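S.K.: I would like to see how this sequence folds:
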Amino acid sequence: MPEVIIVKNEAEAGEIYARAVADLIKSKPDAVLGLATGSSPLAAYQALAKTVKDEDIDMSRVRGFALDEYIGLPLSHPESYHSTIHRTVVEPLGMNPDLVHVPGDVLDGAPLEDGDKLAHAGADYDAAIEAAGGIDVQILGIGTDGHVGFNEPGSSLASGTRIKTLVEQTRVDNARFFDDDIDQVPTHCITQGIGTIMRARHLVLLAFGAGKAEAVAQTCEGGVSAFCPASALQMHPHATIIVDEAAASSLRHKEYYQYAYTHKPAWQGI
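M.R.: I've put the predicted structure just below:
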């Protein structure tokens with residue numbers, strides 16, 4: 001199962017992620033990072049940006065692939081994931097924007113009805129990831145229902161990047177980014193599938209707050225099921241789940257995870 005690390009706060013989680021990624025880039029200057037949007041990864045990106053600056057790490061050859069994108073939003077829309085990734089990751093880290101890709105880049109606001117553009121976009125994105133050598137470290141958040149990326153409950157655990165319909169709760173959750181107006185939130189997205197995510201060499205999932213406690217418990221200690229898509233991480237050879245005390249509150253084996261991490265040799269990293 002994944003390694004579970006329980007931390008005091010988001011800042012501590014961010015520092016753990018930053019150390020792992022910084023060391024990767026030092027050893028592999030053209031590393032491929034899997035990037036996610038949402039609130040959970042922000043502290044991790046901020047910590048990595050500080051580490052990059054403090055240690056003068058060259059980011060010019062680092063490549064990136066985002067998890068997902070809305071269908072129907074132009075790239076220039078401030079809440080498109082293209083814009084969000086560039087604002088929260090590319091610019092703070094000093095990455096080359098030409099080496100950072102989002103599933104919707106080739107769509108640029110194409111409507112759902114544009115089958116000529118949408119039909120092959122998912123397969124093309126998976127092919128681009130493979131051509132880059134695969135993702136080295138994929139950062140993930142998790143929804144209250146156990147979704148990762150936009151893989152809602154019921155998503156195939158073998159799925160590739162594809163067009164998906166967003167469930168109402170996800171649109172409600174994301175309305176805060178659209179002036180609290182759910183009618184502005186797109187109904188469809190393009191997302192890396194669980195199968196695509198599972199091909200990354202290292203998965204790092206971050207979760208904070210009591211609202212994520214049940215999803216974290218099902219992910220770590222429940223059965224592997226398409227109805228908790230994140231539970232697929234139990235089958236990954238190198239997955240790390242970093243949570244705060246509130247998000248860990250429903251874990252049955254919480255004390256064991258704390259004991260194991262406390263006694264872990266420092267040289268193992270995450």
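S.K.: spit out the contact partners of residue 238.
M.R.: 201-203 (C-beta atoms under 8 Å, 6 or more residues apart in numbering). (Glycine included, C-beta is placed from N, CA and C.)
S.K.: the closest residue to residue 92 other than its chain neighbours and residue 247: what is the separation?
M.R.: By the measure of C-beta to C-beta, 6 or more residues apart in numbering, the closest residue to residue 92 outside its immediate chain neighbours is residue 49, 4.1 Å from it. To residue 247, residue 49 is 24 Å away according to C-beta to C-beta, to the nearest Å.
S.K.: same check, this time on residue 224
M.R.: From residue 224 to residue 247 the distance is 20 Å (C-beta to C-beta).
S.K.: and those two? Which one has more around it.
M.R.: residue 247 (27 against 14; other C-beta atoms under 10 Å).
S.K.: residue boundaries of the strands in this structure?
M.R.: For the chain, applying DSSP state E gives strands covering 3-7, 32-35, 63-66, 68-70, 100-101, 137-140, 162-165, 188-191, 202-207, 239-244.
S.K.: of all those strands, which lies closest to residue 266?
M.R.: strand 3-7 (13.5 Å; C-beta to C-beta).
S.K.: any idea of the angle that closest one forms with strand 202-207?
M.R.: Angle of strand 3-7 versus strand 202-207, following axes from the mean of the first three to the mean of the last three C-alpha atoms, to 10 degrees, is 40 degrees.
S.K.: for strand 3-7, list the C-alpha coordinates in PDB.
M.R.: Extracted in PDB, the C-alpha atoms of strand 3-7 (Å, rounded to 0.1, in the frame of the first residue of the first chain):
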ATOM      1  CA  GLU A   3       3.400   5.200   2.400                       C
ATOM      2  CA  VAL A   4       1.300   7.400   4.600                       C
ATOM      3  CA  ILE A   5       3.000  10.500   6.100                       C
ATOM      4  CA  ILE A   6       1.100  12.500   8.700                       C
ATOM      5  CA  VAL A   7       2.300  16.100   9.100                       C
END
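S.K.: list of residues touching that strand?
M.R.: So strand 3-7 is contacted by 13, 16, 220, 239-245, 248, 251, 254, 257-258, 260-261, 270 (C-beta under 8 Å, 6+ apart).
S.K.: what does stretch 164-173 give?
M.R.: 143-145, 147, 150-153, 155, 182, 185-191.
S.K.: sorry, back to before: I figured the residue nearest to residue 92 was touching residue 90, is that so?
M.R.: No - in this structure, residue 49 is not within contact of residue 90 by C-beta atoms under 8 Å, at 10.7 Å.
S.K.: now the strands of the chain in a markdown table, please, with extra columns for mean pLDDT.
M.R.: What follows is these, written out as a markdown table (pLDDT from 0 to 100):
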| stretch | mean pLDDT |
| --- | --- |
| strand 3-7 | 98 |
| strand 32-35 | 98 |
| strand 63-66 | 98 |
| strand 68-70 | 95 |
| strand 100-101 | 97 |
| strand 137-140 | 98 |
| strand 162-165 | 94 |
| strand 188-191 | 95 |
| strand 202-207 | 98 |
| strand 239-244 | 98 |
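S.K.: right, I'll call it a day here.
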